[in-house]
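In: Coordinates only, no sequence provided:
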């Protein structure tokens, strides 16, 4: 499933893997990781799905998605 939540994936030389941060769920800096970008993205999606399921089970409101600008990106 696609959810409107952000995922930041960045390479870590220190950990030799891609780290995944979920800005709308900020209680920890990184939520999961992967050896490849695709694996990290897949793991991030799985974490988002698990978090949504947990919020619903706890009857807690889901965090508001971060609104991204709809303004086109200009490249110099």
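Out: Arrived safely. Quick caveat: nothing in here was measured; it's all calculated off a predicted structure.

In: Is it correct that residue 40 falls within a helix?
Out: Yes. When classified by DSSP: H, G, I helix; E, B strand; the rest coil, residue 40 is found to be part of a helix.

In: Tell me where this structure has strands.
Out: Defined through DSSP state E, the strands belonging to the chain, from first to last, are 8-12, 17-21, 32-34.

In: Quick check: which of these is nearest to residue 63?
Out: Judged by C-beta to C-beta, the one of the strands of the chain that comes nearest to residue 63 is strand 17-21, at 13.8 Å. Yep, even glycine has a C-beta here, placed from its N, CA and C like the rest.

In: now that closest one, how far from the centre of its chain.
Out: 9 Å (C-alpha atoms, centre = their mean, to the nearest Å).

In: Sheet partners, orientation included, of it?
Out: Neighbouring strands of strand 17-21 in its sheet, by DSSP bridges, are strand 8-12 (antiparallel), strand 32-34 (antiparallel).

In: residues in contact with that strand?
Out: Judged by C-beta atoms under 8 Å, 6 or more residues apart in numbering, the contacts made with strand 17-21 from elsewhere in the structure are 7-12, 29-37, 39-41, 43-44, 47.

In: rerun at 7 Å
Out: 7-12, 29-37, 40, 43-44 (C-beta atoms under 7 Å, 6 or more residues apart in numbering).

In: export the strands paired with strand 17-21 to JSON lines and tack on distance to residue 59?
Out: Output for these, formatted as JSON lines (distance: least, C-beta to C-beta, whole Å):
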{"stretch": "strand 8-12", "distance to residue 59": "28"}
{"stretch": "strand 32-34", "distance to residue 59": "25"}
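
In: looking at those, which is closest to residue 64?
Out: strand 8-12 (17.0 Å).
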